[in-house]
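Visitor: quick one: sequence and predicted model below, then my questions.
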Amino acid sequence: MSIQEKLPEHLSTLCLKGKTLQFIVYQGTALEDKAWSETHVSSTRNGYGQVSSIRSHSVLKRECWIRLENGKEKVIALPGNSAFAVRAGHTLTLIGVHSQHLKKDTVYYIALVNHTTEKWVSLNQLSVLRTLSGAHSAVAQGLANLFVVATLGIGAIVLMLINRSLHNNYAVPFDLHAAKIARWSLQQA
């Protein structure tokens, strides 16, 4: 069950560069928090086809199962490098966003609030921000790569400035808005 209607009007929507985003808040209970490590191995070969080097790196993965008020269960990927703690039975609020400028009928979960510990964490917001800014498309990436090659690498400076602009125009206000909703939800408990 969404408590979107309980969100104050100034928190329920955000307009970024002419694109309106609708925020939704779900309440639930933590069922399980799982953490595991994945090891990725890669190798390079020399000119003779022989393995010349082997590299490996481990990635910490985390997920949390949540039972929402309506009885449905969701699994949420948590940042592996965060100190965000959750245990079974903790009261949680899941913050989501949707928009006509994103994939239709899809809610993107962008933050998780733990009322028991009074902490919150940002979830993977990168795909939402790339889609909103138009940087997610293959055409945009192809043009960016062509631009860098065509300018003999000098275009990398321009791309860095564009990325900084995208960060300031989308990522910063988006994360600030998520923080406001998280603080509001903690006050509602």
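Guide: Received the coordinates, thanks.
Visitor: buried sites along the longest strand along the chain?
Guide: Longest strand of the chain, by residue count under DSSP state E: strand 19-45. Residues of strand 19-45 classed as buried: 21-28, 30-31, 33 (neighbour count, 16 or more other C-beta atoms under 10 Å). Every C-beta, even on glycine, is put in place using the N, C-alpha and C of the backbone.
Visitor: who touches the helix or strand that that strand is followed by?
Guide: As assigned by DSSP states H and E, the chain's next helix or strand after strand 19-45 is strand 51-68. Residues from elsewhere that reach strand 51-68 (C-beta atoms under 8 Å, 6 or more residues apart in numbering): 1, 26-46, 73-81, 86, 92, 94, 112.
Visitor: which other helices and strands contact the longest helix along the chain?
Guide: Scanning the chain for the longest helix, with DSSP state H as the assignment, gives helix 172-188. With contacts taken as 3 or more C-beta pairs under 8 Å, 6 or more residues apart in numbering; DSSP states H and E, helix 172-188 sits against helix 9-12, strand 13-16, strand 19-45, strand 91-98, strand 108-114, strand 119-122.
Visitor: what does that helix contact?
Guide: 6-8, 11, 14, 16, 21, 23, 25, 93, 95, 110-111, 113, 115, 118, 120, 122, 125, 128-129.
Visitor: buried residues in that helix, which are they?
Guide: So for helix 172-188, counting by 16+ other C-beta under 10 Å, buried means 174, 177-178, 181-182, 184-185.
Visitor: bridging residues for residue 92?
Guide: When assigned by DSSP bridges, residue 92 has beta-bridge partners residue 28, residue 114.
Visitor: cool, residue 32 as well?
Guide: Residues in beta-bridge contact with residue 32 (DSSP bridges): residue 65.
Visitor: what's the answer for the one 10 residues further on, then?
Guide: Going by DSSP bridges, residue 42 is paired in beta bridges with residue 55.
Visitor: enumerate every residue touching it.
Guide: Counting by C-beta under 8 Å, 6+ apart, residue 42 makes contact with 54-56.
Visitor: so what pLDDT did it get?
Guide: With respect to pLDDT, residue 42 scores 87.
Visitor: separation between it and residue 56?
Guide: Relative to residue 56, residue 42 is positioned 8 Å away (C-beta to C-beta, to the nearest Å).
Visitor: do the same with residue 43
Guide: Counting by C-beta to C-beta, the gap from residue 43 to residue 56 is 10 Å.
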